[in-house]
Each structure stands twice: as structure tokens, then as C-alpha cells.
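Student: What shape does this take:
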Amino acid sequence: MKSDKILTANLFAVCFGLAGLAQAWTLLMRLVHGPTWPGNAIFIAAAAVWLVTAVGYLANVAAQHRWRAELADPTFGPFTSLLFIVPVQLSVPLAAQARGAGEVVFGCAATLTVLFGGWLTGDWIARENTIKRWHPGYYLPSAAGGLIAGGAAASLGFVTLSHVLFGLGVGSYLLLGSIIGFRLFVVPELPPPLLPTLAIELAPSVVAAGAWFTINGGRVDTTAAVISGFAVLMVLAQFRLIPLYRTAPFGPGFWAFSFPTAAAVTCALHWLGAERVPGATGLGYAAVGLLSAGYLLLTARTVTALTTRTFFLRVPVPAQAGPSTAPTPVPGPLP
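Tutor: Numbers count the residues shown, from 1 in each chain. Here you go, the predicted structure:
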């Protein structure tokens, strides 16, 4: 037996989070009439990280013959959807520079996101499941995917499509929220490596609010207010979870904090712009500055973990693994 590292799909949380940070900076610069380069630079970094992660992840899956087991994995399977969701995020800034290319990327990525989310939803229904396997990462394929695609469609001017995709995301959240909520409230708490996924509980509400602001032209209406009210509850709940987060081992799973936090700040920026709050410019810079500092700390911690070789999960691999042999994960610092 030899030890080899396994690259899991939650590594895409890094580029997912970077795209969220880029969206926050882009909206801030729009509100203060500032330069576009901060958001564009971070979008480019997110695209580069996505490309490197996609190549490394797919090569790793192929080398270890995990194609069949990957999507069915109860922990990491839902994160495979980020392979398609991140390009949806990237299509909007690309369209600002090259409209045709951005529309092509959006069309392909959004289609794959919807099809993949639908397939996974059907697979979860068809398979025999236990409630303990569920965690907030299950929101990603269809709930987050639909809401993010809806916001992107609105940004590109596809109004009717944006409403359809928004409905897909909200419906998926209502469907999955009852299951995941029951699991979190009633079943014993998640294992320590899965605790960072609790941050994803914040994402559906703030992403839905941000998407709706984009769809309705940045106005505060009843829908925006109702969704934002629920978002406030989920933000406040996160403070109580801090002691739990401190018990989790560091790994790629900690990047689960990045996108939901960035989406929450972006939602707050929408409110600052819509309500013309006094001192909105200073508040906006403070919020995005604090968010960026958090990203820098997370990045520094990641670099340290990579340097000490504690970031990736390692698994035993048979010396002569055949096509049907898949490595069995051992306890490690993930998700």
C-alpha cells in the first residue's frame, strides 16, 4: 500500500469564494463610481484558480478511477456542481469585455448547472439515504446554482430567463431546506470536519436577495425586504456557531466561509445603494475592507497548511489498482 493524496470537489470553494469577493468589489466600485480594476483583477484570479483546480481535480479523479463514486459521495458529491457554477459567475465580467464570449460561457455553464443540479436531485431521491449524510453543502447544485444563474441572467439582460432560474433556486431551497433543517436541528451535530459547511446555511438567503436586487433593478421591494429579513436571522445565527467552528480541523472546508460571507456583504451593499444611506461610501469601504482582510487571513492559513502538507486528505491506494478500484478516504482535515 502507498499513500496518495485525493483531491476532493470542495477545493472549488476557493475559486467560488474569490468570485464572490470580486462581485463585492465590483458592486462597491459601481456605487462609489470607482475604477473597475479591483473587481476585474480578482475575477481573473478566480478564473485562474478555477482552471488549475479543474485540471488537477479531474486528473486526480481519472488517475484514481473515482468517476462513479465521486458524484455519489455523501460528503463531497454536492461540491462537484461548483465546476459549472463558478463559470456562471465569471461569465458576467467576461461579457462586459467581450459580449459574445460572455454569453457563450453563460449559456454553456448555466445549462450544465441546471442539468447537473436536476440529475443530482433525482439521484438523491433514487438512492437509499440516511438523514445523517445531509449537510448544507447540498444547497449548492440546484439552490445556489439556480439563484446565481438567475442573477447572472439578469445582469446580461435575459429578464424572463432570470425569473425562471430564480424560481428554480428558490424552489430548490424550499425543497432541500426542510430536510437539511431537520438534520441540523434534530440529529446530533455534524462531525468536526463538516462543521464549516454550516456557513453555507447563510448563502441561500443572501444570494437570493442579491439576485433579486439584480433582477428588479436594485430597488427595495417587498420580495427584497422579506428575503433580507430572513438573511438577517441567518447572519446572527452564525455568531452562535463560532465556538463550533473553532473545533473543526483546518482544510479546504474552511473556504466554505468565503462565498457566503462575500454574498452577505454584497447584499448589504445593494441595500446601501438602494436606500442611499448617509455615509454609505465609508460603510461600503469598511465592509469590503473587512471582508478582504478575512480573505487574506484565510489565504495565509491555506498557504501555511500547504507548506506543512496538512491541507489535502491522504488515502491508502493499492499498489496495483484496477479500473474498478477506488481509494477509501481515511479521516483527514476535510471537507
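Student: these two touch, right, residue 220 and residue 275?
Tutor: Yes. Residue 220 sits in contact with residue 275 when judged by CB atoms under 8 Å, with a separation of 6.4 Å. Using the backbone N, CA and C atoms, a C-beta is placed for each residue, glycine as well.
Student: Between those two, which has more neighbouring residues?
Tutor: Per other CB atoms under 10 Å, whichever of residue 220 and residue 275 has more neighbours is residue 220, with 15 against 10.
Student: List the residues that contact the more buried one.
Tutor: 271, 274, 275 (CB atoms under 8 Å, 6 or more residues apart in numbering).
Student: how near is it to residue 166?
Tutor: Distance from residue 220 to residue 166, counting by CB to CB, to the nearest Å: 17 Å.
Student: Repeat that for residue 62.
Tutor: For residue 62, the distance to residue 166 - CB to CB - is 35 Å.
Student: any chance of the contacts of residue 220 in CSV, plus pLDDT, secondary structure and distance to residue 74?
Tutor: What follows is the contacts of residue 220, written out as CSV (pLDDT from 0 to 100; DSSP: H, G, I helix; E, B strand; the rest coil; distance: CB to CB, whole Å):
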residue, pLDDT, secondary structure, distance to residue 74
271, 95, helix, 37
274, 92, helix, 40
275, 88, helix, 43
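Student: Tell me the one among those nearest to residue 233.
Tutor: Closest approach to residue 233 among the contacts of residue 220 (CB to CB): residue 271, at 15.6 Å.
Student: correct me, but the closest one touches residue 228?
Tutor: Yes. Contact criterion CB under 8 Å: residue 271 and residue 228 qualify, at 7.0 Å.
Student: picking that back up, which of residue 62 and residue 166 has more residues huddled nearby?
Tutor: residue 166 (23 against 10).
Student: in stretch 265-272, what counts as buried?
Tutor: Using 16 or more other CB atoms under 10 Å as the burial criterion, the residues of stretch 265-272 that qualify are 265, 266, 267, 268, 269, 270, 271, 272.
Student: Now do the contacts for residue 209.
Tutor: Counted by CB under 8 Å, 6+ apart, residue 209 has contacts 224, 227, 228, 231, 267, 270.
Student: one more time with 6 Å, if that's ok
Tutor: Taking CB atoms under 6 Å, 6 or more residues apart in numbering as the contact definition, residue 209 lies against 227, 228, 231, 267.
Student: Return the subset of the buried residues of stretch 265-272 lying in helices.
Tutor: Secondary structure from DSSP state H places 265, 266, 267, 268, 269, 270, 271, 272 of the buried residues of stretch 265-272 in helices.
Student: if I look at the third one, how far off is residue 217?
Tutor: It stands for residue 267. On the measure of CB to CB, residue 267 and residue 217 end up 16 Å apart.
Student: ok, now the fourth one?
Tutor: Separation of residue 268 from residue 217 (CB to CB): 18 Å.
Student: Also the second one?
Tutor: Shown here: residue 266 relative to residue 217, a distance of 16 Å by CB to CB.
Student: Look at the closest residue to residue 14 other than its chain neighbours and report its pLDDT.
Tutor: Nearest residue to residue 14 in three dimensions, chain neighbours excluded: residue 255, at 5.1 Å (CB to CB, 6 or more residues apart in numbering). On the pLDDT scale, residue 255 is placed at 94.
Student: Cool, thanks, talk later.
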